[in-house]
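[1] return a 3D structure for these sequence lines:
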Amino acid sequence: MALLMKPEPFSTEFDRLVDSLFQPLRGNDRLQRWVPAMDLVEADDHFVLKADLPGLNEDDVQIEVQDGVLTVSGERSSEQEQKERGWHRIERSFGRFSRSLTLPEGVDADAISASFDKGVLEIRIPKPEERKPRRISIGVGGNGQKPETLEGTASEK
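    Sure, this is the predicted structure:
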């Protein structure tokens, strides 16, 4: 059993290109879409999702589960200050982010836990219990005896 994540090999670069063309200006810099790196690892009885969120703390991040979808979102603010000389190069991304993944059917949302340490968010997702077929025994009559025979006639038409 595995979590369903849509493989999107070109979408990140395409989104970055579109965002750089159409996002509104704020001051002298453009807002950038920030997509934090995430790892998803499967253990025996749970999944572990780790997200690199440098510069953030637990109050900057929201985790929600709705309709079988886990969403991690938040915002990293720009720390830039306008100085008289300006900036030569800015490579660090800032802005809002949101990442979602579909959980396997049967995951108990109340059992999901999260911790935050040194800029790394770790979410533990318990695997759902395997559904085993339930065997139903077949009884004979109400008390284990053969049902009574009714006397009468039968006719075919």
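[2] give the other helices and strands that the host helix or strand of Gln62 contacts.
    Assigned by DSSP states H and E, Gln62 belongs to strand 61-66. Judged by 3 or more Cβ pairs under 8 Å, 6 or more residues apart in numbering; DSSP states H and E, the packing partners of strand 61-66 are strand 69-76. Just so you know, the C-beta spots here come from the backbone N, C-alpha and C atoms, and that holds for glycine as well.
[3] least trustworthy helix or strand in the protein by mean pLDDT?
    strand 25-26 (a mean of 44; mean pLDDT, DSSP states H and E).
[4] give me the low-pLDDT residue ranges for this structure?
    For the chain, applying pLDDT under 70 flags the ranges 1-33, 79-90, 131-132, 142-157.
[5] any idea how many residues pack against the closest residue in space to Val65 that isn't next to it in sequence?
    Distance criterion Cβ to Cβ, 6 or more residues apart in numbering; nearest residue to Val65, sequence neighbours excluded, is Ala109 at 4.2 Å. Other residues near Ala109 number 13, with proximity taken as other Cβ atoms under 10 Å.
[6] for Glu58, same thing?
    14.
[7] assess the claim that it and Phe116 are in contact.
    Yes - between Glu58 and Phe116 there is a contact at 4.4 Å, judged by Cβ atoms under 8 Å.
[8] let me see the contact set for Arg124.
    Applying Cβ atoms under 8 Å, 6 or more residues apart in numbering to Arg124 gives the contacts His46, Phe47, Val48, Ile112, Ser113, Ala114.
[9] put the alpha carbons of the strand holding Gln62 into PDB.
    Extracted C-alpha coordinates of strand 61-66, given in PDB (Å, rounded to 0.1, in the frame of the first residue of the first chain):
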ATOM      1  CA  VAL A  61       3.000  26.100   9.200                       C
ATOM      2  CA  GLN A  62      -0.500  24.600   8.900                       C
ATOM      3  CA  ILE A  63      -1.300  20.900   8.500                       C
ATOM      4  CA  GLU A  64      -4.800  19.900   7.600                       C
ATOM      5  CA  VAL A  65      -6.600  16.600   6.600                       C
ATOM      6  CA  GLN A  66      -9.800  16.900   4.700                       C
END
